[in-house]
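# Coordinates for the following, if possible.
(one chain, ligands or ions: 1)
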Amino acid sequence: MMTRTGEHTMENEKQKVLIIEDEEAIAELERDYLEQAGYLVEIAGDGDSGLRRALEEEFSLIILDLMLPGVDGFEVCRQVREKKNIPILMVSAKKDDLDKIRGLGFGADDYITKPFSPSELTARVKAHLARYERLVGSVMQGRAAEQRNRIVEIRGLRIDKDARRVYVNGEEKTMTNKEFDLLTYLAERPNRVFTKDELFRAIWDMEAVGEVATVTVHIKKIREKIEVSTANPQYIETIWGVGYRFKI
Ligand code: CA
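Take a look at the predicted model:
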């Protein structure tokens with residue numbers, strides 16, 4: 001398969017549904033209808049394998065039978081809910097059970113009583129997936145906005161990534177592009193030791209062949225701008241024989 005990095009292919013990928021159901025005929029009927037509706041469907045025939053697959057694999061939604069051999073539906077729901085926030089549709093033949101567990105708040109998103117019509121199931125799956133997509137979409141947008149606006153602030157040093165400006169105790173310090181990139185790279189990864197080689201590759205985006213001296217020169221320039229005493233740096237520390245570390 002051809003890999004096209006950077007291209008957004010999610011929209012074209014089919015969503016995957018896991019059915020955890022011990023009655024084979026019911027599981028297959030559900031699968032057939034959901035496949036017709038355009039979903040990829042996997043079946044787990046007992047609670048143990050269903051729970052394991054739900055936790056280890058990537059699914060968009062789970063249809064979960066309540067009465068299962070091995071781990072029952074309650075426990076599967078509880079454990080999946082601890083780790084994942086994908087929609088869980090719980091299914092049972094006993095309406096009383098469903099009413100009871102709804103009251104207990106097991107974390108299922110919906111409860112369906114057997115027998116149900118396949119079109120009802122498909123409609124509910126669609127509705128929950130659409131709602132979930134919207135939720136995930138808005139969370140991702142929020143994170144992206146946060147990322148874009150991020151200001152790095154450590155002990156009087158303030159890096160405004162949007163404006164590409166650096167301040168030390170409120171006073172602006174003029175940086176070249178590479179000085180700014182190098183300082184930001186280190187400040188965003190505090191307490192980690194980087195070799196000059198690693199820093200050169202990260203900032204200059206080239207193989208470091210005899211160019212590591214460039215890093216030393218830039219660190220020296222940055223220190224002259226942000227440190228009170230370059231002999232006793234408070235921000236970028238030299239780890240002799242290794243490289244540099246941004247102190248926290
Ligand atoms: Ca069952």
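# tell me the domain boundaries of the protein?
Domain assignment for the chain by automatic domain parsing gives 16-136, 146-246.
# Which one of the ones you listed lies nearest to the ion?
domain 16-136 (4.0 Å; Cβ to the ion). Where C-beta positions appear, they are placed from N, C-alpha and C, glycine not excepted.
# Okay, now that closest one: how far is its last residue from its first?
One end of domain 16-136 sits 16 Å from the other (Cα to Cα, to the nearest Å).
# likewise stretch 195-215?
In stretch 195-215, first residue to last residue: 10 Å (Cα to Cα).
# List the buried residues of that stretch.
Within stretch 195-215, the residues scored as buried using 16 or more other Cβ atoms under 10 Å are 195-196, 198-204, 208, 212, 214-215.
# contacts for that stretch?
178, 181-182, 185-186, 194, 216, 242-244 (Cβ atoms under 8 Å, 6 or more residues apart in numbering).
# Give the buried subset of the residues you listed as a PyMOL selection command.
Applying 16+ other Cβ under 10 Å to those leaves a buried subset, and the PyMOL line that selects it is:
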select buried, resi 178+181+182+186+194+243+244
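# any idea which of the contacts of stretch 195-215 is least confident?
Ranked by pLDDT, the contacts of stretch 195-215 bottom out at V242 (85).
# Go ahead and confirm that residue touches R192.
No: using Cβ atoms under 8 Å as the test, V242 is too far from R192 to be in contact (11.2 Å).
# Flag every residue of the chain that's near the ion.
22, 65, 67 (Cβ under 5 Å from the ion).
# Throw the residues you listed into JSON lines and include distance to V152, secondary structure and neighbour count, thanks.
Output for these, formatted as JSON lines (distance: Cβ to Cβ, whole Å; DSSP: H, G, I helix; E, B strand; the rest coil; neighbours: other Cβ atoms under 10 Å):
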{"residue": "D22", "distance to V152": "53", "secondary structure": "coil", "neighbour count": "17"}
{"residue": "D65", "distance to V152": "50", "secondary structure": "strand", "neighbour count": "26"}
{"residue": "M67", "distance to V152": "53", "secondary structure": "coil", "neighbour count": "16"}
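# Need those in TSV (columns: pLDDT).
Putting those into TSV (pLDDT from 0 to 100) gives the following:
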residue	pLDDT
D22	95
D65	94
M67	90
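# N169: which of the residues you listed is nearest?
D65 (62.9 Å; Cβ to Cβ).
# Ramachandran angles for R164?
Main-chain dihedrals, R164, degrees, to the nearest 10: phi 50, psi 50.
# re earlier: which of the contacts of stretch 195-215 fall in helices?
178, 181-182, 185-186, 216 (DSSP state H).
# from these, which single one is nearest E57?
Comparing these against E57 with Cβ to Cβ places Y185 closest, at 35.1 Å.
# What ranges does the chain have for its helices?
So, for the chain - with DSSP H - the helices run 24-36, 47-56, 73-83, 95-104, 118-148, 177-187, 196-204, 212-226.
# where among the ones you listed is the average confidence lowest?
helix 95-104 (a mean of 67).
# separation between K247 and the ion?
Going from K247 to the ion by Cβ to the ion, to the nearest Å gives 59 Å.
# Might you report the residue contacts of that residue?
Counting by Cβ under 8 Å, 6+ apart, K247 has contacts 190-191, 234-237.
# cool, and R223?
230, 233, 235-236.
# burial of the nearest residue to L29 once chain neighbours are set aside, as a residue count?
Excluding the flanking residues, the one nearest L29 by Cβ to Cβ, 6 or more residues apart in numbering is P118, at 6.5 Å. Using other Cβ atoms under 10 Å, the number of residues around P118 comes to 15.
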